[in-house]
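1. take a look and give me a structure for this.
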Amino acid sequence: MLAIPLASAVVEMIARMASDDPQTHKEGAWIFFQTGLYCIAAGLVLWTLWRRSFRARPHRLHTDQSDWAWRGVPEMDAPPREHLTLNGDGVLPPRW
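-> Numbering: from 1, shown residues only. The predicted model follows:
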């Protein structure tokens, strides 16, 4: 949504800069200035939205659980299992 006006402004700016008319060059410079202002405003909006979404995330207090369980992946605390395809104990899944 933010990229469409930016892309159209860049295409318009390049088309005006390729012209031989000095007035058209000035208009291209004005579009360049407006594009810069648009990028700054879009950056501020995106930064604000990112900060708001970061504050909306659930924060979990540290408990006596391990680090992986605290992060939401308790399976990582278990010792690693042998690879099923290398030890030959399990039935291999069909490929197709």
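2. what's the separation between the nearest residue to residue 74 once chain neighbours are set aside and residue 48?
-> In this structure, residue 74 finds its nearest non-sequential neighbour in residue 68, 6.1 Å apart by C-beta to C-beta, 6 or more residues apart in numbering. The C-beta positions use only the backbone N, C-alpha and C, and glycine is treated the same way. In this structure, residue 68 and residue 48 are 33 Å apart, going by C-beta to C-beta, to the nearest Å.
3. please say which of those two ends up with more neighbours.
-> residue 68 (13 against 10; other C-beta atoms under 10 Å).
4. may I have stretch 25-42 exported as CSV, CA atoms only?
-> Backbone C-alpha positions of stretch 25-42 (Å, rounded to 0.1, in the frame of the first residue of the first chain) are rendered in CSV as follows:
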residue,chain,number,x,y,z
HIS,A,25,13.2,19.4,-14.7
LYS,A,26,12.0,21.8,-12.0
GLU,A,27,8.8,19.8,-11.7
GLY,A,28,10.9,16.6,-11.5
ALA,A,29,12.8,18.1,-8.6
TRP,A,30,9.6,19.0,-6.9
ILE,A,31,8.4,15.4,-7.2
PHE,A,32,11.7,14.3,-5.8
PHE,A,33,11.2,16.6,-2.8
GLN,A,34,7.7,15.3,-2.3
THR,A,35,8.9,11.7,-2.6
GLY,A,36,11.4,12.4,0.2
LEU,A,37,8.7,13.8,2.4
TYR,A,38,6.5,10.8,1.7
CYS,A,39,9.3,8.4,2.6
ILE,A,40,9.9,10.3,5.9
ALA,A,41,6.1,10.3,6.7
ALA,A,42,5.8,6.6,5.8
